[in-house]
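Enquirer: build me a model:
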Amino acid sequence: MVAVIYVLGKSMFKDSKYAMLAGLIMAFDNFHFAQTRMGTVDSFLVLFIMLSALFMYKYLLLNKEDPLKQKLKYLFYSGLFFGCSVAVKWTGLYAGLGLCIMFFGKMIKDCIQARKFDKEYLKIMLACVLYFIIIPCAIHVVCYLSFPNIQPNGVYSIGDIFKQIEQMYTYHSTLVAEHPFTSNWYTWPIMQKPVWLHVSYPADGMKSTIVGLGNPAIWWVGILGMIFVAFRTIKNTKMEDIFMTIMILTSWLPYALIGRIMFMYHFFPTLPFVMLTIVALIQQLDKLTKRNWIMIAYIILIIVMFWVFYPVTSGVTMTMEQVKNFLWLKTWYF
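Expert: Numbers count the residues shown, from 1 in each chain. This is a model prediction of the structure:
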């Protein structure tokens, strides 16, 4: 994931130092560290979403005169990794909505500029039916059929797959439950209620705890980054700003329509694009000041804050009193 956001940052900001900044932001985010270190399924979901978005962005950068073969190559990989993301979790579809909006947005823009709809666009659209519908469905089916057939939910046919999909949808759409760490979608950027992942008590008065808590210097600054990019999108309509804005909105806002309980880790797919808005903000500040001290100071800040919260996101054994020092907000509990 760190490597992917570096490549994506290089494509967006056209500068290795800002690509490195994007990689460092992800590497030193405590939430990313805790989730991926535990190998949660969401880690693979976000990796595939990022790869799918990367190749779609590379496609968006191509001009009408570029070879059709190159366009189809980028779209193929975008569709392939989109299928992988949905195979991990259905929420990969939210990011897919963003890819769809940008794909058709580019096609409409190109058609308006060319004042015609030529055969190349038809070839691309037919190819996308294969890349973004048939291949993802095939990946989904293969994942089910390759899973051990353990009763009572064994999969022996396509009909069994549809049966399981129906059961899962029914479960999630009708779920009525409570949980001490549930939180509303609009509270996730401020980390109002992080999820407590693990705790043990090695000795009297001692505690080892792991919480899915983000680096405050990243998550809270990310709010400013999102606001900055949103305003710049309206004002300048730059490709990278539109890309970040659409991916954030489509991977985050759909949760506003979900009635079942939700958790802060549902913000994970949105997080890489929030991190990129921070890079955009710092790049703009560097241009205004004509110096790099802001970027250097910010890197130092995120590294310091990572190590400050490292004990409670890694399971370091501490005293009960030491753990209490990390409870910065009244709603934090771990």
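Enquirer: residue 63: neighbour count?
Expert: Counted by other C-beta atoms under 10 Å, the residues lying close to residue 63 total 7. From N, CA and C alone the C-beta is placed, and that goes for glycine too.
Enquirer: can you check residue 239 too?
Expert: By other C-beta under 10 Å, neighbour count at residue 239 equals 13.
Enquirer: and it, what pLDDT?
Expert: pLDDT for residue 239: 92.
Enquirer: verify the stated contact: it with residue 60.
Expert: Yes. Using C-beta atoms under 8 Å, residue 239 is in contact with residue 60, at 6.3 Å.
Enquirer: now the strands for the stretch 151-300 of the chain?
Expert: Using DSSP state E, counting those that start in this stretch, the strands of the stretch 151-300 of the chain run over 195-200, 206-212.
Enquirer: residue 46 is nearest to which of these?
Expert: strand 206-212 (13.3 Å; C-beta to C-beta).
Enquirer: and that closest one, how far out from the chain middle?
Expert: 25 Å (C-alpha atoms, centre = their mean, to the nearest Å).
Enquirer: ok, residue 27 - contacts?
Expert: Counting by C-beta atoms under 8 Å, 6 or more residues apart in numbering, residue 27 makes contact with residue 2.
Enquirer: and what of residue 81?
Expert: 48, 49, 51, 52, 55.
Enquirer: go with 6 Å
Expert: 48, 51, 52 (C-beta atoms under 6 Å, 6 or more residues apart in numbering).
Enquirer: distance of the residue lying farthest from the centre of the chain relative to residue 98?
Expert: What lies farthest from the middle of the chain is residue 204; by C-alpha atoms, centre = their mean that is 39.6 Å. Look at residue 204 and residue 98: by C-beta to C-beta, to the nearest Å, they are 51 Å apart.
Enquirer: which residues touch the spatially most central residue of the chain?
Expert: With distances taken as C-alpha atoms, centre = their mean, residue 269 lies nearest the centre of the chain, 2.2 Å away. Under the criterion of C-beta under 6 Å, 6+ apart, the contact partners of residue 269 comprise 46, 49, 251.
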